[in-house]
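In: pasting the sequence and the predicted model now:
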Amino acid sequence: GNSVTQMEGPVTLSEEAFLTINCTYTATGYPSLFWYVQYPGEGLQLLLKATKADDKGSNKGFEATYRKETTSFHLEKGSVQVSDSAVYFCALRGTGGFKTIFGAGTRLFVKA
Amino acid sequence: DVKVTQSSRYLVKRTGEKVFLECVQDMDHENMFWYRQDPGLGLRLIYFSYDVKMKEKGDIPEGYSVSREKKERFSLILESASTNQTSMYLCASTLQGGSNYEQYFGPGTRLTVT
C-alpha cells in the first residue's frame, strides 16, 4: 500500500539557517504530494503541493520538488525564521482514492 | 474564506461518558475525516465519509462511531469514553475526485478523559 516516510525530529536550527526535511514515499500510479504545517495549538494547513513528476511546489519561501525517480519530496527553505517553528507533515493522495496518507511529522524549532 | 469548525477546543469528560465531537465545513465537500493525533504517532485515521449517511472505517475505529446526516456535518461519537482516548482530535474535509485536492482541517479538539 501507499506510505510516507519522513525524517524524525526534532530539528533545531538557528534563525537564517538552511532547512531540509526529507520525505520519501511508496505509491502505485501517480499520486499528488503535499506538505502540511501545524503551528502550536492549531490544526494542519496546506503549505505546498505538487501534482506530477518534476513539479515544484512553493509557498512562504518553502519549496519541494516531486522526484519520481527517487520517490522523494524533500522540503527546503533557504533562511528559516523563529515563526517557522512548527510541525511539518509530508503527505500523499493517490489517484482515485479518498484517503490522504500522512508521514509521522517533523517538529522544527528555530532559535533566535 | 473556507472553514472547518469543531464544536470545542478543549473538553474534559469522565470515564464511561458518551462523548460527541462535532465538525462542520462550509465548502460543500463530499469527503470528511476524523483523525486522532498523539505524540510520536502522527495522525491516525479513525473514520471517514464520502457522502451523506456513508461511512468507512479508518485505521483505528475501535471504540468510536460516526454520523453524517447532512453533507456539511460529521460527528464523532465515543460510546463509552476511556482514558486511552485522551488525545487531540482533528476533523478534515476535501473534495472528491482528483488526487490533487488538499484536505482542510479544523483547529482540533483536545479531549481529556479522567
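Out: Thanks, I have the structure now. Numbers count the residues shown, from 1 in each chain, chains lettered A, B, ... in the order given.
In: let's verify residue A:83: helix, strand, or coil?
Out: Secondary structure state of residue A:83, per DSSP: H, G, I helix; E, B strand; the rest coil, is helix.
In: what's the distance between the residue positioned nearest the centre of chain B and residue B:62?
Out: What sits nearest the mean C-alpha location of chain B, by C-alpha atoms, centre = their mean, is residue B:34, with 2.7 Å. According to C-beta to C-beta, to the nearest Å, residue B:34 and residue B:62 sit 13 Å apart. (Each C-beta comes from the backbone N, C-alpha and C, glycine too.)
In: hang on, the earlier thing: from what I see, the residue nearest to the centre of chain B and residue B:90 are in contact.
Out: Yes - using C-beta atoms under 8 Å, residue B:34 is in contact with residue B:90, at 7.5 Å.
In: which bits of chain B sit near chain A?
Out: Within chain B, the positions near chain A by C-beta under 8 Å from any C-beta of the partner chain are B:4, B:31, B:33, B:40-43, B:45, B:48, B:50, B:56, B:58, B:90, B:92, B:94, B:96, B:98-108.
In: filter those to the buried ones?
Out: B:4, B:31, B:33, B:42-43, B:45, B:48, B:58, B:90, B:92, B:94, B:99-108 (16 or more other C-beta atoms under 10 Å in any protein chain shown).
In: what about those residues, which are in strands?
Out: Taking DSSP state E, the ones among these that sit in strands are B:4, B:31, B:33, B:42, B:43, B:45, B:48, B:90, B:92, B:94, B:104, B:105.
In: for the fourth one, what are its contacts?
Out: By that I understand residue B:42. A:89, A:102, A:103, A:104, A:105 (C-beta atoms under 8 Å, 6 or more residues apart in numbering or on different chains).
In: can you count the residues close to residue A:112?
Out: 6 (other C-beta atoms under 10 Å in any protein chain shown).
In: what about it, distance to chain B?
Out: 25 Å (C-beta to the nearest C-beta, to the nearest Å).
In: distance of that residue from residue B:40?
Out: 27 Å.
In: same check on residue B:73?
Out: 31 Å.
In: list the beta-bridge partners for residue B:104.
Out: Taking DSSP bridges as the rule, residue B:104 bridges to residue B:93.
In: now do it, the pLDDT please.
Out: We have a pLDDT of 93 for residue B:104.
In: give the bridge partners for residue A:13, please.
Out: residue A:110.
In: low-confidence regions, chain B specifically.
Out: Across chain B, residues meeting the criterion (pLDDT under 70) sit at B:1-2.
In: now with 50, please.
Out: Along chain B, segments meeting pLDDT under 50 are nowhere present.
In: so what secondary structure elements neighbour the helix or strand bottoming out on mean pLDDT in chain A?
Out: The weakest-scoring helix or strand in chain A, judged by mean pLDDT, DSSP states H and E, is strand A:100-102 (a mean of 91). Secondary-structure packing of strand A:100-102 (3 or more C-beta pairs under 8 Å, 6 or more residues apart in numbering or on different chains; DSSP states H and E): strand A:3-6, strand A:86-93.
In: between the ones you listed, which one is closest to chain B.
Out: strand A:86-93 (4.5 Å; C-beta to the nearest C-beta).
In: please enumerate the helices of chain A.
Out: Shown for chain A, no helices are assigned by DSSP state H.
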